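Student: coords below, sequence missing:
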């Protein structure tokens, strides 16, 4: 019986690892697509307003998607059980808003296909925090360490190659190039630190859908403060906002795409940890390169050496992320995870059994939440109304784009959504 139980446990752990890997890949596709509208910064729009437009779309999506999947009563019940995580979620949202703004500056100064790999250094930061704070890779064994650490070093090497490729764009490093590299690396540092609240929430048994609902409060508040401060006050802010009105729909849509990608990333972090899930979601670098190079033609006219450096550096980073994703946590490491889980339960007086069940893909709140509220329909209608209003005033922007590659990438991204969302629902009911 013990042998059968142990075998069943290994089988379930393997399925959860496969699910986490799938979520990480889907996250990469949608996070990469979400960055495409930020290309509008090349038309002279303020980076702060572009980021605010995306965050506004994020705010709407983060409230409506969890309600559609689980209902508001479920979300509020989950939050009431774990009120200490509300502040952590708001903090994570604030870090995201600042990091997202830095990515706009990075794209403006060094381009999407270069900036993407540089800010994906966040995987190394997340790996460090996962090891230090949440016992990830503790008692994992030499083989797992080689995969994870070797993959992390490969990511760093790829970023260095891409940084060198950037420096070859001109006779020397210009002030704008240096600021773009610094902005991309700063975004990576903040995003890597943002994963601390992620993991803290999930080893406490919180549902990712509940976490992202509060997460967006920090996002929108911080982004509004940044936009008002750096635009010179309310009057210039409103004036600039009216100028960007024809492009707001695309930014809103980018924010919505980001939420879908981030939700998959949240589930990846929950089921395989931040040291493995985040590098895997950083395959968004490949999608960012595809959007930048294929759709917007960022590598057109560049020399063969420059293109080889960019593609080679990207390939090295992807190989590193794959190596990390293949490092399934052995039973000894999972015991270390449970020790971190028990620590959180003792600190905040949580039921260890329920938290353990939630981390294994079960849903302790299933069937306990009240029926859906009538006002949820008003929230959905309001969200659809905002998108319709923005779409009505949207205009095509003067960006050079390949329609063929745009359609192909959109089809592939939707395919990831359908497959991963169905698998996630079938195995965990979005727990």
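Tutor: Received it, and whenever you're ready, just let me know what you need. Note that the coordinates shown come from a computational prediction; the quantities given were computed from them, not determined experimentally.
Student: where does the stretch 101-250 of the chain dip in pLDDT?
Tutor: Under the criterion pLDDT under 70, the flagged ranges of the stretch 101-250 of the chain are 112-113, 162-175, 231.
Student: for the residue nearest the centre of the chain, grab phi and psi.
Tutor: The chain has residue 262 as the residue nearest its centroid, 3.8 Å off, counting by Cα atoms, centre = their mean. Dihedral pair for residue 262: phi -70, psi -40, per degrees, to the nearest 10.
Student: thought residue 26 was touching it, still the case?
Tutor: No - counting by Cβ atoms under 8 Å, residue 26 is not a contact partner of residue 262; they are 10.9 Å apart. C-betas here are computed from N, CA, C, even on glycine.
Student: residue 204: which element?
Tutor: Assigning secondary structure by DSSP states H and E places residue 204 outside every helix and strand.
Student: tell me the spacing between it and residue 363.
Tutor: Distance, residue 204 to residue 363, by Cβ to Cβ, to the nearest Å: 15 Å.
Student: what's the answer for residue 78, then?
Tutor: Counting by Cβ to Cβ, the gap from residue 78 to residue 363 is 10 Å.
Student: how about residue 287?
Tutor: 31 Å.
Student: equivalent analysis for residue 197, please.
Tutor: Distance of residue 197 to residue 363, given as Cβ to Cβ: 21 Å.
Student: tell me the contacts of residue 204?
Tutor: 82, 85, 341, 344-345, 348, 350, 355 (Cβ atoms under 8 Å, 6 or more residues apart in numbering).
Student: any stretches of the stretch 301-431 of the chain with poor pLDDT?
Tutor: Ranges of the stretch 301-431 of the chain meeting pLDDT under 70: none found.
Student: what are the ranges of the helices in it?
Tutor: Per DSSP state H, counting those that start in this stretch, the stretch 301-431 of the chain carries helices over the ranges 304-325, 331-348, 352-359, 375-392, 403-428.
Student: out of these, deepest packed?
Tutor: helix 304-325 (a mean of 20; mean count of other Cβ atoms under 10 Å).
Student: downstream neighbour of the helix or strand harbouring residue 106 in the secondary structure list?
Tutor: In this assignment (DSSP H and E), residue 106 forms part of helix 84-110. For helix 84-110, the following helix or strand on the C-terminal side (DSSP H and E) is helix 112-119.
Student: downstream neighbour of that next one in the secondary structure list?
Tutor: In N-to-C order, the element after helix 112-119 by DSSP H and E is helix 122-134.
Student: residue 197 and residue 363 - which one has more neighbours?
Tutor: residue 197 (21 against 17; other Cβ atoms under 10 Å).
Student: now residue 327: phi and psi?
Tutor: Note on residue 327: backbone dihedrals following degrees, to the nearest 10 are phi -90, psi 80.
Student: which ones are touching the residue nearest to it when sequence neighbours are not counted?
Tutor: Distances taken as Cβ to Cβ, 6 or more residues apart in numbering put residue 147 closest to residue 327, at 3.8 Å, once the chain neighbours are dropped. If you count contacts by Cβ under 8 Å, 6+ apart, residue 147 has them with 323-324, 326-327.
Student: and what of residue 321?
Tutor: Residue 321 touches 123, 151, 155, 279-280, 282-283, counting by Cβ under 8 Å, 6+ apart.
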